[in-house]
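S.K.: Build the 3D model from these lines:
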Amino acid sequence: MKLIHSIPLFCLAVSANTFAEDSTKNGFYVLGEVTHSSTPLDKKGFDQSLTNASATGLTSNSKDQSNQWRLQGGYKFNPNFAVEGGYIDLGKSKYKAAYNQGTAQGELKAGGFDLAALGILPITDKVSIFAKLGVMAASVDSKLKTNSASVLINKKGSEHEFLPMVGVGASYKLTDNVDLRADFDRVSNIGKSSKTGQMDSNMLSIGAAYNF
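M.R.: Predicted structure coming up:
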């Protein structure tokens, strides 16, 4: 009889323990990462501005890498699905040109707020991989300046646009509350070629998430 009476208590204890384990898998989290971006620039917009201003013998190049950061907050509904959003610095690309009358320098940079859904596949009790699909509300800014009076340009451009974002990544559970995480994300066709110049952003990010 004592054994029979103890069964409900045993079930209650097991249920409470299961709930505790599940609760560590779900809920709110914050994520901070450092990011290295490759930002290939479509130079046609900058080149066209110079040739329209009578630059001749034009050659140009760009520096298409930068380091920045990202900060996200999210909610994990279950071990296979989460939603997160925050701010991402998409990086910048620097432009240089030389022509018969002088030289020019330009820059295109972007950043904004994102919202993404994550499909998560646990590999072990500590390691998971995920795929990401989201959208960004991005602010794009550019500038172009020459150093010659005969080809005089000193202009700035800006654009606000919604852009799709795709990504993949992996996480490693370091403790019950802390996950190490790596992401690779891509945002394409940032900016308008005729107005600000245009670039893509390929971002490799490494950081940590804290689970509440």
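S.K.: all contacts plus neighbour counts: C-alpha atoms, from now on.
M.R.: OK.
S.K.: Would you map the strands across the chain?
M.R.: Listed in chain order, the strands found in the chain under DSSP state E are 27-38, 41-42, 59-63, 65-78, 81-99, 102-122, 127-146, 154-173, 178-190, 198-211.
S.K.: May I have the strands that pair with the fifth one, each with its orientation?
M.R.: Counting by DSSP bridges, the strands paired with strand 81-99 are strand 59-63 (antiparallel), strand 65-78 (antiparallel), strand 102-122 (antiparallel).
S.K.: looking at these, which is buried most?
M.R.: Of all those, strand 102-122 carries the top mean neighbour count, a mean of 19, counting by mean count of other Cα atoms under 10 Å.
S.K.: the inter-axis angle of that strand versus strand 154-173?
M.R.: 20 degrees (axes from the mean of the first three to the mean of the last three Cα atoms, to 10 degrees).
S.K.: mind exporting strand 102-122 as CSV, just the C-alpha atoms?
M.R.: Extracted C-alpha coordinates of strand 102-122, given in CSV (Å, rounded to 0.1, in the frame of the first residue of the first chain):
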residue,chain,number,x,y,z
GLY,A,102,42.6,63.8,-60.2
THR,A,103,41.3,61.2,-57.7
ALA,A,104,38.1,60.5,-55.8
GLN,A,105,37.1,58.6,-52.7
GLY,A,106,33.7,57.2,-51.7
GLU,A,107,32.0,55.0,-49.1
LEU,A,108,28.9,52.9,-48.9
LYS,A,109,27.7,51.6,-45.5
ALA,A,110,24.5,50.1,-44.2
GLY,A,111,22.8,48.8,-41.1
GLY,A,112,19.3,48.3,-39.7
PHE,A,113,16.8,46.3,-37.7
ASP,A,114,16.0,42.7,-38.6
LEU,A,115,13.4,40.1,-37.8
ALA,A,116,14.0,36.4,-38.5
ALA,A,117,12.6,33.0,-38.0
LEU,A,118,15.0,30.1,-37.1
GLY,A,119,14.4,26.4,-37.9
ILE,A,120,16.6,24.5,-35.4
LEU,A,121,17.9,20.9,-35.6
PRO,A,122,19.4,19.5,-32.4
